[in-house]
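Trainee: Sequence and predicted structure are below.
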Amino acid sequence: MPLSAPNNTVDFAPFAGRVSGVLFDIDETLVDLVAAMKDAMVFASSALLPGFTAAGWDDFSALYMADPQRYYDRYVAGEFTFHEQRGLRAQVVFGKLGVAFSAQAQAQWITDFEAAQPRSIRAFADVVPLLDALDAAGIPYGAVSNNVHAYQRAKLNQAGLARVAVLVGIDTVGVAKPDPAIFLEGCRQLGTVPGQTLYVGDNYLLDGVASIRAGLSGVWLNRESMPEPQAPGAESAELERIQVVVTLDEIGDLLGLSAAADSL
């Protein structure tokens, strides 16, 4: 079973003195993308769904984010453009609701969505305090994301996270997580070796398991305390190395930063 974050003492900080850099996933790790996307969905869809209730918008957002046809994964694999996967996912939701969604309506929906989403991009409240602690400790950090560099750079900047200077996207090395190459490029740009680099992300398989396999130390950020998913093909030794936290505040504990600060 994965380990949970330890007590706040140096003796129980498993990465104290062993980590020289930290890499993060972006969406749902540093940036509250779900909230931003829901706001954009409401803006783009209101004309097609007049009088929709708050519960209805919750269901709309949940189905879109669930992406049952895996359109986003197929975009990452090169099957669709980014805008195409956006419209196709919306098409699934409107089809479920029995609402007509013509090609013209879809094109307008994508335009309205893309205009609205940046206005709602925000960093989670636990991000800046952790980055401040890493800066104070002299530990460099960056991000590795399963989207293209320019789109994610704009997102970080909009969220007030321009300080995350190192950013590796799927177009940087031509592969996506779980391919080890994208993690290793993050380490290269950060100037750290994989064995001394922590990777933190909200996806158990793509972030936790995949970073471990790439030679990094993996942390699964489980903000909603969801059950641990199945990991087909993963060795028990790999899974046991994954640390689990429910907030980024716990990363300081894993690195011994909180304990070190308390001793000053």
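Mentor: Noted; the coordinates are in hand.
Trainee: Sticking with Asp73, tell me its helix or strand.
Mentor: Using DSSP states H and E, Asp73 sits in helix 71-76.
Trainee: Could you do Gly218 as well?
Mentor: Using DSSP H and E, Gly218 sits within strand 217-221.
Trainee: what mean pLDDT does that strand have?
Mentor: Taken as a whole, strand 217-221 has a mean pLDDT of 97.
Trainee: what about the helix or strand following that strand, distance to the chain center?
Mentor: Moving toward the C-terminus from strand 217-221, the next helix or strand (DSSP H and E) is helix 236-240. Averaged C-alpha coordinates place helix 236-240 at 22 Å from its chain's average position (Cα atoms, centre = their mean, to the nearest Å).
Trainee: After helix 236-240, heading C-terminal, what element do we hit next?
Mentor: Downstream of helix 236-240, the first helix or strand assigned by DSSP H and E is strand 243-245.
Trainee: follow-up on the earlier one: and the helix holding Asp73, what does it pack onto?
Mentor: helix 82-97 (3 or more Cβ pairs under 8 Å, 6 or more residues apart in numbering; DSSP states H and E). Every residue, glycine included, has its C-beta placed from N, CA and C.
Trainee: okay, the helix it packs on in PDB with CA atoms only?
Mentor: Provided in PDB are the C-alpha atoms of helix 82-97 (Å, rounded to 0.1, in the frame of the first residue of the first chain):
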ATOM      1  CA  PHE A  82      -6.900  20.400 -29.000                       C
ATOM      2  CA  HIS A  83     -10.000  22.300 -30.100                       C
ATOM      3  CA  GLU A  84     -11.500  19.200 -31.700                       C
ATOM      4  CA  GLN A  85     -11.300  17.200 -28.500                       C
ATOM      5  CA  ARG A  86     -12.900  20.100 -26.700                       C
ATOM      6  CA  GLY A  87     -15.900  20.200 -29.000                       C
ATOM      7  CA  LEU A  88     -16.300  16.400 -29.100                       C
ATOM      8  CA  ARG A  89     -16.400  16.200 -25.300                       C
ATOM      9  CA  ALA A  90     -19.100  18.900 -25.300                       C
ATOM     10  CA  GLN A  91     -21.000  17.000 -28.000                       C
ATOM     11  CA  VAL A  92     -21.200  13.900 -25.800                       C
ATOM     12  CA  VAL A  93     -22.700  16.000 -23.000                       C
ATOM     13  CA  PHE A  94     -25.300  17.700 -25.200                       C
ATOM     14  CA  GLY A  95     -26.200  14.400 -26.800                       C
ATOM     15  CA  LYS A  96     -26.800  12.900 -23.300                       C
ATOM     16  CA  LEU A  97     -29.100  15.900 -22.600                       C
END
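Trainee: Cool, thanks, signing off.
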